[in-house]
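Student: Quick one, what's the 3D model for this:
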Amino acid sequence: MAFGDGTAVTSQPVSRLAELSFFDGAWLGTGTFFFTASGRPKPIVMDIRNSTGYEGNWVITHTRERRTADNPDPLEATYFWGYDPARDVFVAEWFDSVGGRATQQSSGWDGDRLVFTGTMTSSGNSFTLRDTFTRRGHSRYHHIGEADFGTGWTTVDEEEVRRR
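Tutor: This is a model prediction of the structure:
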């Protein structure tokens with residue numbers, strides 16, 4: 001396949017995407033979602049499944065919070081992580097079950113930390129979003145989601161995650 005100018009398009013996976021292979025497989029996350037409509041934090045238990053798709057060009061993550069008495073409206077989301085070789089950055093797009101969507105980017109791992117920053121739109125509002133993943137060995141990681149609503153970073157959610 002070629003673009004109109006004759007430039008070849010290849011479907012070869014981007015080799016840097018392998019740097020995200022740590023996340024492959026099934027995970028279980030437990031933590032707290034702090035920023036809720038009721039204003040009360042809610043405990044969350046989340047099933048996470050990661051796989052590589054679209055000819056090896058994307059890491060696809062599906063998350064699903066479990067319905068509990070403390071979490072009667074669990075959130076589901078799908079994330080797509082890829083790599084943009086022209087900008088030399090990892091890219092992320094995600095969509096959730098309440099109509100939220102985000103676009104983020106990352107320069108990659110810095111030791112055991114991977115940070116994605118960008119913009120989220122939810123309920124008609126846009127704000128800056130930061131997700132930090134910290135590896136804790138081969139089978140665990142810590143995630144913290146933060147948002148800046150114009151007054152500095154606020155923790156939105158935080159989870160300890162272990163491989164299943």
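
Student: residue ranges of the strands in this structure, please?
Tutor: Per DSSP state E, the chain carries strands over the ranges 25-33, 42-53, 58-65, 76-84, 89-96, 101-106, 109-110, 113-122, 125-135, 140-148, 153-163.

Student: Could you dump those into CSV and include distance to Ser15?
Tutor: Using the backbone N, CA and C atoms, a C-beta is placed for each residue, glycine as well. Shown next, in CSV, are the strands of the chain (distance: least, Cβ to Cβ, whole Å):
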stretch, distance to Ser15
strand 25-33, 20
strand 42-53, 13
strand 58-65, 13
strand 76-84, 8
strand 89-96, 13
strand 101-106, 16
strand 109-110, 15
strand 113-122, 17
strand 125-135, 20
strand 140-148, 23
strand 153-163, 24
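
Student: out of the ones you listed, nearest to Arg16?
Tutor: For the strands of the chain, distance to Arg16 was read as Cβ to Cβ. The smallest value, 4.7 Å, belongs to strand 76-84.

Student: in this protein, which residue is closest to the centre?
Tutor: For the chain, the residue nearest the mean C-alpha position is Tyr79 (5.5 Å; Cα atoms, centre = their mean).

Student: Could you list the low-confidence segments of this protein?
Tutor: Where the chain drops to pLDDT under 70, the residues are 1-14, 37-38.

Student: What are the buried residues along stretch 34-52?
Tutor: By 16 or more other Cβ atoms under 10 Å, the buried positions in stretch 34-52 come out as 34-35, 41-42, 44-48, 50, 52.

Student: Quote the end-to-end distance of it.
Tutor: End-to-end span of stretch 34-52 (Cα to Cα, to the nearest Å): 30 Å.

Student: which other residues reach it?
Tutor: Here stretch 34-52 makes contact (Cβ atoms under 8 Å, 6 or more residues apart in numbering) with 13, 17, 23-33, 58-66, 68, 70-71, 74, 147, 154-159, 161.
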